[in-house]
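Enquirer: fold the following, please.
(one chain, ligands or ions: 2)
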Amino acid sequence: MPTENLTALIQAIPKAELHLHIEGTFEPELIFALAERNNIPLKYAGVEALRKAYEFKNLQEFLDIYYQGADVLLHEQDFYDLTMAYLNRCRQENIVHTELFFDPQTHTHRGVALKTVVSGIQKALDDAREQWGITSFLIPNFLRHLSEEDAISTFKECLPFRDYFAGFGLDSSELGHPPTKFERVFRMVREEGFRVVVHAGEEGPAQNIWDSLNLLHAERIDHGVRSIDDPELLKELAKRQTPLTVCPLSNLKLKVVDDLKDHPLKKLLNAGIMATVNSDDPAYFGGYLNQNFRETAEALKLSKEEILKLAKNSFKASFLSEHEKERWIAELAAF
Ligand code: HPA
Ligand SMILES: [Zn+2]
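Expert: Numbers count the residues shown, from 1 in each chain. Ligands and ions are numbered 1, 2, ... in the order given. Below is the predicted model:
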């Protein structure tokens with residue numbers, strides 16, 4: 001497909017985003033504006049110097065800088081502004097539904113109350129729904145580099161806000177912190193009736209995906225690209241139709257793949273897997289959702305049908321009701 005047509009198609013089709021960390025949408029300009037508003041000194045001279053630091057050799061190098069950025073978020077208004085900036089982006093990119101992650105521990109461990117975080121994010125989500133019809137779910141993630149006890153106490157802290165949350169997830173450093181470490185907390189999550197999503201098979205081995213499915217009962221795997229190493233796992237994922245929320249530009253920036261041309265997305269689709277495209281931490285990885293679609297479509301020479309399939313999968317894999325899923329899938333049929 002010619003590039004202009006591809007760009008126009010990607011822009012025009014309704015899409016859902018299912019793997020997006022709200023703290024990862026924090027653009028350097030907003031980091032500096034909020035640092036000034038909150039009187040917090042930053043160790044970078046300015047926006048350009050901060051952007052220049054975004055060269056990562058692996059996930060951990062990214063996480064170290066990403067948690068620093070979040071340090072300037074203090075007040076409800078800060079969380080509102082951060083979330084609203086992303087939702088504006090959704091409006092521009094025709095993202096009609098989004099399921100956002102946030103990391104409660106990143107904030108509560110700095111002394112910011114969970115209520116401040118949740119109220120700020122939720123007010124922005126409510127405003128975007130009212131003003132632009134964008135629907136959303138919020139999914140707290142536990143930080144896997146911290147202990148399971150910490151995850152359990154965080155989960156208990158979240159329960160008074162339970163109506164705001166669709167499910168719980170697991171993120172941060174995958175190497176050295178396998179899913180087996182979090183069996184108890186995810187049993188509690190399920191017993192309280194929440195959905196389960198888990199980051200697995202990003203840097204870690206395919207075994208982490210098996211364990212997320214079988215021990216944590218994950219309904220969706222975030223990333224999951226290392227499944228490409230394990231033919232039995234590919235068969236199982238295809239059989240169960242377990243969605244993978246794939247993030248191509250994230251994988252490139254964190255050197256999970258050396259070149260987008262080597263990205264396994266197309267092979268995953270060909271293996272019958274319910275893969276979706278997402279932006280993960282777009283302020284850090286060089287592109288929001290449509291750019292992920294565009295660059296991947298070009299590098300892997302995706303067809304129009306494959307692009308439409310990815311958009312369709314984004315709704316199928318979402319936590320929307322069957323009725324809402326069908327409504328969007330019917331709209332996609334017009335393209
Ligand atoms: O892609 C990710 N992986 C693990 N932890 C994260 N926290 C934000 N983004 C990520
Ligand atoms: Zn992620």
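
Enquirer: quick one: pLDDT of Thr3?
Expert: At Thr3, the pLDDT value in this model is 82.

Enquirer: wait, Ala330
Expert: pLDDT, Ala330: 98.

Enquirer: is the residue in the chain that ligand 1 sits nearest to bridged to anything, and to what?
Expert: Ranked by Cβ to the nearest ligand atom, the top residue of the chain for proximity to ligand 1 is Asp171, at 3.7 Å. Using the backbone N, CA and C atoms, a C-beta is placed for each residue, glycine as well. Bridge pairing for Asp171 (DSSP bridges) gives the partners Leu143.

Enquirer: how close does it get to Val96?
Expert: The spacing between Asp171 and Val96, counted by Cβ to Cβ, to the nearest Å, is 24 Å.

Enquirer: who touches the residue of the chain closest to ligand 1 in this structure?
Expert: Applying Cβ atoms under 8 Å, 6 or more residues apart in numbering to Asp171 gives the contacts His21, Phe101, Asp103, Asn141, Phe142, Leu143, Arg144, His199, Asp222.

Enquirer: packing partners of the one helix or strand the second one maps to?
Expert: Using DSSP states H and E, Phe101 sits in strand 95-102. Here strand 95-102 is seen to pack against strand 15-21, helix 76-93, helix 114-132, strand 135-143, helix 322-332 when contacts are counted using 3 or more Cβ pairs under 8 Å, 6 or more residues apart in numbering; DSSP states H and E.

Enquirer: could you tell me the angle between it and helix 114-132?
Expert: 180 degrees (axes from the mean of the first three to the mean of the last three Cα atoms, to 10 degrees).

Enquirer: how far away from the center of its chain is strand 95-102?
Expert: 8 Å (Cα atoms, centre = their mean, to the nearest Å).

Enquirer: residue numbers of the stretch 1-150 of the chain in contact with ligand 1?
Expert: With the criterion set to Cβ under 6 Å from any ligand atom, the stretch 1-150 of the chain comes near ligand 1 through His21, Gly24, Leu59.

Enquirer: can you give me the strands in the chain?
Expert: For the chain, the strands defined by DSSP state E cover 15-21, 95-102, 135-143, 167-171, 195-200, 220-223, 244-246, 275-277.

Enquirer: next, count neighbours for the nearest residue to Asp230 once chain neighbours are set aside.
Expert: Using Cβ to Cβ, 6 or more residues apart in numbering and skipping the chain neighbours, the partner closest in space to Asp230 is Ala206 (3.8 Å). Around Ala206 there are 20 other residues, counting by other Cβ atoms under 10 Å.

Enquirer: so what's Phe293 up against?
Expert: Ile10, Lys15, Val277, Ile307, Leu310.

Enquirer: report the buried residues of stretch 235-254.
Expert: Judged by neighbour count using 16 or more other Cβ atoms under 10 Å, the buried positions of stretch 235-254 are 236-237, 242-254.

Enquirer: again, but for stretch 61-68
Expert: Residues Phe62, Leu63, Tyr66, Tyr67 are the ones in stretch 61-68 that count as buried (16+ other Cβ under 10 Å).

Enquirer: which of these sit farthest apart?
Expert: Phe62 and Tyr67 (9.7 Å; Cβ to Cβ).

Enquirer: how about low-confidence regions in the chain?
Expert: Scanning the chain for pLDDT under 70 picks out no residues.

Enquirer: if we use 90, what do you get?
Expert: The chain contains residues with pLDDT under 90 at 1-4.

Enquirer: and the closest residue to Leu310 other than its chain neighbours, how many neighbours does it have?
Expert: Leaving aside its chain neighbours, Leu310 sits nearest to Val277 (5.2 Å; criterion: Cβ to Cβ, 6+ apart). The local packing of Val277 (other Cβ under 10 Å) involves 27 other residues.

Enquirer: who's Val277 bridged to?
Expert: Val246.

Enquirer: what sits against it?
Expert: Applying Cβ under 8 Å, 6+ apart, we find Val277 in contact with Val246, Cys247, Pro248, Leu265, Leu289, Asn292, Phe293, Thr296, Leu310, Ser314.
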